[in-house]
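Peer 1: Build me a model:
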Amino acid sequence: MAKFKLYPHNKVAYDKIVDSFNNGQRISSIVQATGTGKTYLAINLAKETYPKKMLFIAPTLAIIEHIQHTINQYDLEDKLNIEFVTYQSFINKSKKDIQNMQFDYLVVDEFHHMGAPIWGQCVTDLINSHEDAYVLGMSAYVIRDKGTAYAMNVAPSMISNKLDDEEIDVDELPIFADSIVHSYDLADAITDGILQKPTYIASEIKLYGYMLELKEKILTSNYTKEEQDKYLKELDSMTANLLKSDDTKQLLLNNIGKQSKCIYFVPTGRTAGVRNIENVKEELQALFPDAVIYSTSSDDLNGEKNREAFYHDKDLDGNNVSKKTRIMVAINQYNEGVHVKGVDTVILGRATNSDIVFFEQLGRALSASNDKSPVCIDLSGNLDYILSLSEEIGDKLRQRYAAKGERILNREMPKFDFGIDSKYVDLLRNLTDLDNSIDNWDIRYNQLVECLKTNNNVYPSITSKNKEIRSLAFWVQKQKLVYK
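Peer 2: Residues are numbered from 1 along each chain as shown. Presented below is the predicted three-dimensional model:
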């Protein structure tokens, strides 16, 4: 049986939590990257304070399953006193029910969910009605619904942000305001080597689709025939070698190994559901005849059985399949807080406007206990997020060199480009430049300014029912991607 212990980076976080409690800070929180072992901090707290009772609030049953697996792995069932509940379970609880709940320590996992109006208020009531209990919030993020009109910082630092002449209504502050005792983000973890740098592989399908959009835009524009021909010739010269629809299959075949363990995130929405999952599973089985294909979604009655089998490297009949390729096809599952041992590849089959969703899905293959470089196969054009992470890591490295008083030469800097093909980035940039010349950048920019004025500084959404707003939203996305 493996011995339970904290990695050195988590020992630092744990000591800060304990110190904050010992110094009279009843509500504390940590903001730490996905895959770095936040769950172990909560388990260690329960272990060190046993037999005192811990109430652990998690967003999903899948996260609770994961924590229970970890507890069983270290044979800690009889050494902890933990009760697990979900955020959603508070919806049907009365104030009296909440007041009658018994615990000495409260852990609020993924506490950025506290911004949700119903159960967020319920958990706040729970904290306020148990003034003798210590509270620990854990998350990789403090912003809920980032990038939307509903964005909310659930743990603002009001002391550092307070102006001398500014009055703060304490009753209006989020319950986790001024609570952060330790921060350690994804760029820190990769820079320090706690998490392995992923290899990022982008599909050209998105570029091919972009090329078709530009072609349609040129042909339906008000340009003269001569001007249209000029733009079409320029477009053809750029995309002459661009792969077409067979790119996805070849990409998967080239990058999923014979013993790979993968999670494939498929789209949600109108096209999602059982039929969609089954189609993906059939396509994967045809590509990888000897692979074991699993599936799970929020409304799948067999989801738990599939997750159990996948976690333990078994097929659905209980046979050991650890030497085979294993692929879990998931809708609205594994998006946060669940780390399955041995996952070395994530396949992003859905585009997202949320950096939280992107990095949480990438995080399924990141783990402090894994010394292999994970693979991220992006089929949906989420390139801007990985580029921003690369830039952030570069900034941290420069800061660390500067702090040591060392001169920095680019050739001396470690490379954190994640294996991104420069031809892909260059082609995207060239396509965007062409798009801007067709679209007239100044006109688009003025449209954006007008849109922000009209909508209280809320950026246009790609889900808008208004075609012009959607078009403007896509334009904004492309500018952020290429010119950040």
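Peer 1: Check which helices and strands the helix or strand hosting residue 217 is in contact with.
Peer 2: Assigned by DSSP states H and E, residue 217 falls within helix 205-219. Where contact means 3 or more Cβ pairs under 8 Å, 6 or more residues apart in numbering; DSSP states H and E, helix 205-219 is packed against helix 225-238, helix 247-255, helix 422-439. Backbone N, C-alpha and C define where each C-beta goes, glycine included.
Peer 1: Domain map for this protein?
Peer 2: As assigned by automatic domain parsing, the chain contains the domains 8-184, 187-437, 440-484.
Peer 1: What is the burial count for residue 181?
Peer 2: Close neighbours of residue 181, defined as other Cβ atoms under 10 Å, add up to 19.
Peer 1: Assess the claim that it and residue 31 are in contact.
Peer 2: No - Residue 181 lies out of contact with residue 31 (Cβ atoms under 8 Å); the separation is 9.5 Å.
Peer 1: quick one, which of the domains of the chain is nearest to residue 2?
Peer 2: The closest of the domains of the chain to residue 2 is domain 8-184. By Cβ to Cβ, the value is 5.9 Å.
Peer 1: Now do that closest one, average pLDDT.
Peer 2: Per-residue pLDDT over domain 8-184 has a mean of 89.
Peer 1: Repeat that for stretch 385-395.
Peer 2: On average, stretch 385-395 scores 76.
Peer 1: what do you get for stretch 189-197?
Peer 2: The pLDDT scores in stretch 189-197 average 87.
Peer 1: next one: stretch 334-350
Peer 2: Averaging pLDDT along stretch 334-350 gives 84.
Peer 1: How about stretch 365-373?
Peer 2: 78.
Peer 1: now that stretch: how far from the chain's centre is it?
Peer 2: Computed by Cα atoms, centre = their mean, to the nearest Å, the chain-centroid distance of stretch 365-373 equals 16 Å.
Peer 1: residues making contact with that stretch?
Peer 2: 7, 9-10, 33-37, 186, 189, 194-199, 263, 339, 341, 343-346, 374-376 (Cβ atoms under 8 Å, 6 or more residues apart in numbering).
Peer 1: Adding distance to residue 2, write the domains of the chain out as JSON lines.
Peer 2: Output for the domains of the chain, formatted as JSON lines (distance: least, Cβ to Cβ, whole Å):
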{"stretch": "domain 8-184", "distance to residue 2": "6"}
{"stretch": "domain 187-437", "distance to residue 2": "10"}
{"stretch": "domain 440-484", "distance to residue 2": "43"}
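Peer 1: tell me the contacts of residue 263?
Peer 2: Counting by Cβ under 8 Å, 6+ apart, residue 263 touches 327, 328, 330, 334, 340, 343, 345, 346, 347, 361, 364, 365.
Peer 1: rerun at 6 Å
Peer 2: 328, 330, 334, 343, 346, 364 (Cβ atoms under 6 Å, 6 or more residues apart in numbering).
Peer 1: what mean pLDDT does the strand or helix carrying the second one have?
Peer 2: Applying DSSP H and E as the criterion places residue 330 in strand 326-331. Averaged across strand 326-331, pLDDT comes to 93.
Peer 1: Can you check what angle separates it from helix 247-255?
Peer 2: Counting by axes from the mean of the first three to the mean of the last three Cα atoms, to 10 degrees, strand 326-331 lies at 140 degrees to helix 247-255.
Peer 1: which residues are contacting strand 326-331?
Peer 2: Looking at what lies outside strand 326-331 - Cβ under 6 Å, 6+ apart - the contacts are 261-266, 268, 272, 277, 280-281, 284, 291-297, 310.
Peer 1: Give me the number of neighbouring residues for residue 7.
Peer 2: Residues near residue 7, counting by other Cβ under 10 Å: 14.
Peer 1: What residues does it make contact with?
Peer 2: Here residue 7 is in contact with residue 368 (Cβ under 6 Å, 6+ apart).
Peer 1: give me that answer again for 10 Å
Peer 2: By Cβ atoms under 10 Å, 6 or more residues apart in numbering, residue 7 lies in contact with 13, 36, 37, 40, 194, 368, 369.
Peer 1: cool, residue 287 as well?
Peer 2: 248, 249, 250, 252, 253, 256, 325, 327 are the contacts of residue 287 under Cβ under 10 Å, 6+ apart.
Peer 1: Also residue 260?
Peer 2: 288, 291, 324, 325, 326, 327, 342, 343, 344, 345, 375.
Peer 1: Just put those residues in TSV and tack on neighbour count.
Peer 2: Below are these laid out as TSV (neighbours: other Cβ atoms under 10 Å):
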residue	neighbour count
288	20
291	18
324	18
325	21
326	26
327	27
342	17
343	23
344	19
345	25
375	20
